[in-house]
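Asks: no sequence for this one, just the structure:
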DNA sequence: CATGAATGAGAATTCATTCAT
DNA sequence: CATGAATGAATTCTCATTCAT
């Protein structure tokens, strides 16, 4: 869509370093972390950040977008390779585990206090996830009455919860199992 | 314990108004909302807030404490009156519904970037909730292998998720039902 | 002059306690110390302070006035009793030692960042000190060409210096000796 | 030592303007003067001040440091050029005259409620002053029993006194003469 | 394009002073 | 009169954003 002219090599490199640094910093310090800190971590001057992302909000949004893309990619990979029956559960687990590492994963469904435009990515995500769900339903590994929006809600809850307390691995595993069980046919 | 002399009538009134306003404001805007906004909403000068709560952090902590107390009270009420089999589920539902209104409910299990001393309240909460769970287990309405920490984790997830997107009531209801189902014996 | 109606017993008591507390607090913390701290130290409510001294400045001024009076009293005592030749030196020493204990002594000649009206007290002080000087001059223990304003200047310097570094007693004694020597005939 | 990368031209210019303005403002209003006033006087925004001096205390410290350096430079100049017999007296006089203009000169010996790290500068100052004193002693213009710490104490007293009342030039001159006389052999 | 200094609008917090209890 | 809560202006400091170098 917005083709936005091809960046110079160094510019592209900077953009990447900024995004990486920002993901780290915001994951550690929360969205209130200062842009200056991102700049330091990225090894660029603060002006460079604002050249690439006119607003702090834009920077946040860009991170989200990247994250979302990563999640979508994973879903599509599973869709292509994975066994229909378990791919759905694997994906759900993957999402929770991801959010256990990095903070912001849950923000892809909602915002996180900085309301980002989910845009069409959300649609793509939802659709792919839906396909995984359908496959599982057909394979009989998921209750037939479970709806996609409910699953999304559960994921959102689980991922936000997962990060919140940074619970012990063991607890997270057991709780997740319980959750997934809720989706299985009786 | 900490009796801290009885406040003057007007002071007590203001304290209450401040807490109420703060709960609203922080629920709407997140913990980064300005103290001035709380003051405006409460109809007091900003100095008054800092007289009652010397630090913004103290104000946050006070809100949490109040919330926790409210939750504990409700649990104890259910423990006294409710039918053992369903009281547990009612309480779980109550928690989720509460957090649909106010943000911070989940904060009682974790913090939320402002690390407040949960202190003994948490213990009280956990214990009471545990008793509800035991009762339900004995009544046979809950799977015998469900552990308290898992339940707490689910609550934490559900309440944080519930607020995040402020989903439609219908969706919240369905998702909650799914969640509760996961706890029921098969 | 301003007779200002006789205070009630408790009011007079409070006034004294406030002055005492204020002298302590301002000596310790400097004139930037908060009025609240004075109130706490005096064991009264802050409103009581402002009833007695409508302004912080007034409170400062009152302390100064008291101090000055104390110094004048001492001078007059020495004038009455002391041997003419040494009384002057004793008084000079007394002033420096006083200021070594409490801060604000030097403030009686100048202000101290809060410009207080020295009023007629200064005149009294200066006059009495002048009499001591004259006596010493007549007794031949002071250089005949030393003028009163020079002596006052030296006192001011010495007292402010004395407090500044809170030097060791020994050093203060030696330096003072040097200073007094400067006033003696050769 | 601490080379701290060379500032950009405009930054260096601003730093200098800030220091100059701060010296003025704090000399006039005391260390309680507001940073905003310094900014106004310097013609910069308040943020600029805090970029250069992260804390008000840092700003105060920087002023002190500059002042101290100026004093040291003068002493070394006198040490190089001046006639040994009078250089010491000239320097003493210079110190008092300096403090008649600016407040803070005495602050190099003590602090002034904002306790700044005098560090090695003090040592340098003391040593150079000591050399001047030794030279004068050898030249026979100073009493042989006068010690350096006494001289420093007198300087401290004189400079703080000098500023306090901003006495008339004439009085300051006479008092200073008296003081210096105290140091001369009889 | 990158740099990093300057800007200036908040934000938290303090404190003299007022005034209802 | 005393009390101590309320007021609100002032202060220090932070940070997103702009812009000269």
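Replies: Arrived safely, thanks for sending. Quick caveat, the model's predicted, so the values are computed rather than measured.

Asks: Pick out the residue of chain A closest to DNA strand E.
Replies: For chain A, the residue closest to DNA strand E is residue A:47, as judged by Cβ to the nearest atom of the strand, at 1.8 Å. Quick note: C-beta positions are derived from backbone N, CA and C, even for glycine.

Asks: Helix, strand or coil: sort out that residue for me.
Replies: Here residue A:47 is helix, with the state taken from DSSP: H, G, I helix; E, B strand; the rest coil.

Asks: So what's the residue count around it?
Replies: 9 (other Cβ atoms under 10 Å in any protein chain shown).

Asks: and it, how far is that from residue A:36?
Replies: Going from residue A:47 to residue A:36 by Cβ to Cβ, to the nearest Å gives 11 Å.

Asks: do the same with residue A:43
Replies: Taken as Cβ to Cβ, the span from residue A:43 to residue A:36 is 13 Å.

Asks: List the buried residues in the top helix by length along chain A.
Replies: In chain A, taking DSSP state H as the definition, the longest helix is helix A:56-81. The neighbour-count check on helix A:56-81 (16 or more other Cβ atoms under 10 Å in any protein chain shown) flags A:56, A:59-65, A:67-68, A:71-72, A:74-75, A:78-79 as buried.

Asks: remind me which residues of chain A are low pLDDT?
Replies: A:1-7, A:100-121, A:161-166 (pLDDT under 70).

Asks: domain assignment for it?
Replies: A:1-54, A:64-181 (automatic domain parsing).

Asks: Say whether chain D is contacted by the shortest one.
Replies: No. Applying Cβ under 8 Å from any Cβ of the partner chain, one finds that domain A:1-54 is not in contact with chain D, the shortest distance being 11.2 Å.

Asks: Please compute how far that domain lies from its chain's middle.
Replies: 19 Å (Cα atoms, centre = their mean, to the nearest Å).

Asks: same thing with the last one?
Replies: Taking Cα atoms, centre = their mean, one finds domain A:64-181 lying 8 Å from the centre of the chain it belongs to.

Asks: hmm, that domain touching DNA strand E?
Replies: No. Domain A:64-181 lies out of reach of DNA strand E by Cβ under 7 Å from any atom of the strand, never closer than 13.8 Å.

Asks: Tell me if that domain is near DNA strand F.
Replies: No. Against DNA strand F, domain A:64-181 shows no contacts by Cβ under 7 Å from any atom of the strand, the least distance being 10.8 Å.

Asks: measure that domain end to end?
Replies: Chord length of domain A:64-181, first to last residue, is 29 Å (Cα to Cα, to the nearest Å).

Asks: Stretch A:175-186 now?
Replies: This stretch, stretch A:175-186, spans 18 Å end to end (Cα to Cα).

Asks: Over to stretch A:43-63?
Replies: This stretch, stretch A:43-63, spans 18 Å end to end (Cα to Cα).

Asks: Residues contacting it, please?
Replies: For stretch A:43-63, the surrounding residues in contact (Cβ atoms under 8 Å, 6 or more residues apart in numbering or on different chains) are A:11, A:14-15, A:17-19, A:21-23, A:26, A:31, A:35-36, A:38-39, A:42, A:104, A:114, A:116-117.

Asks: Out of the buried residues of helix A:56-81, the closest to chain B would be?
Replies: The closest of the buried residues of helix A:56-81 to chain B turns out to be residue A:56 (Cβ to the nearest Cβ; 12.9 Å).

Asks: Quickly note the distance from the closest one to chain D.
Replies: Counting by Cβ to the nearest Cβ, to the nearest Å, the gap from residue A:56 to chain D is 17 Å.

Asks: Equivalent analysis for residue A:77, please.
Replies: Taking Cβ to the nearest Cβ as the measure, residue A:77 falls 48 Å from chain D.

Asks: What are the boundaries of the helices in chain A?
Replies: Going by DSSP H, chain A shows helices at A:9-29, A:35-42, A:46-52, A:56-81, A:84-101, A:119-139, A:148-165, A:169-181.

Asks: out of those, deepest packed?
Replies: Most buried of the helices of chain A by mean neighbour count (mean count of other Cβ atoms under 10 Å in any protein chain shown) is helix A:148-165; its value is a mean of 24.

Asks: elements contacting that one?
Replies: helix A:84-101, helix A:119-139, helix A:169-181, helix B:148-165, helix B:169-181 (3 or more Cβ pairs under 8 Å, 6 or more residues apart in numbering or on different chains; DSSP states H and E).

Asks: So which of the helices of chain A is nearest residue B:96?
Replies: helix A:148-165 (9.4 Å; Cβ to Cβ).

Asks: Can you name the residue of chain A nearest chain D?
Replies: Closest to chain D within chain A is residue A:36: 11.2 Å, counting by Cβ to the nearest Cβ.

Asks: how much space is there between the residue lying closest to that residue once chain neighbours are set aside and residue D:45?
Replies: Nearest-residue entry for residue A:36: residue A:46, 5.6 Å, with adjacent residues in sequence omitted and distances by Cβ to Cβ, 6 or more residues apart in numbering or on different chains. According to Cβ to Cβ, residue A:46 stands 17 Å off from residue D:45.

Asks: do the same with residue A:132
Replies: 55 Å.

Asks: count of residues packed around the nearest residue to residue A:32 once chain neighbours are set aside?
Replies: Nearest non-adjacent residue to residue A:32, counting by Cβ to Cβ, 6+ apart: residue B:32, 6.1 Å away. Residues lying near residue B:32 (other Cβ under 10 Å) number 12.

Asks: Residue B:32 touches residue B:25, doesn't it?
Replies: No. Look at residue B:32 against residue B:25 with Cβ atoms under 8 Å: they stay out of range, at 10.6 Å.

Asks: Was I right to think residue A:68 contacts residue A:123?
Replies: No. Here residue A:68 does not reach residue A:123: they are 10.8 Å apart, not a contact under Cβ under 8 Å.

Asks: follow-up on the earlier one: quickly list what's touching both of residue A:47 and residue A:36.
Replies: With Cβ under 8 Å, 6+ apart, residue A:47 and residue A:36 have no common neighbours.

Asks: one step back: quick one, which of the helices and strands packed on helix A:148-165 is nearest to residue D:139?
Replies: Per Cβ to Cβ, nearest to residue D:139 of the helices and strands packed on helix A:148-165: helix A:84-101, 77.7 Å.

Asks: about what we covered before: residue B:97 is nearest to which of the helices of chain A?
Replies: Closest of those to residue B:97 is helix A:148-165, at 14.2 Å (criterion: Cβ to Cβ).

Asks: how much does the closest one deviate in direction from helix A:169-181?
Replies: Helix A:148-165 and helix A:169-181 are oriented at 170 degrees to each other (axes from the mean of the first three to the mean of the last three Cα atoms, to 10 degrees).

Asks: Could you report the distance from the residue of chain A closest to chain D to residue A:62?
Replies: 18 Å.

Asks: Same question for residue A:19.
Replies: 6 Å.

Asks: go on, residue A:33?
Replies: Taking Cβ to Cβ, one finds residue A:33 at 15 Å from residue A:62.

Asks: ok, now residue A:24?
Replies: 14 Å.

Asks: Next up, the contacts around the closest residue to residue A:146 other than its chain neighbours.
Replies: Nearest residue to residue A:146, sequence neighbours excluded (Cβ to Cβ, 6+ apart): residue A:183, at 5.5 Å. Counting by Cβ under 8 Å, 6+ apart, residue A:183 touches A:89, A:142, A:143, A:146, A:151, A:154, B:178.

Asks: Enumerate the residues of chain A near chain C.
Replies: So chain A never meets chain C (Cβ under 8 Å from any Cβ).

Asks: what about the residue nearest to residue A:32, distance to residue C:95?
Replies: 57 Å.

Asks: what do you get for residue A:10?
Replies: 72 Å.

Asks: Likewise for residue A:133?
Replies: 91 Å.
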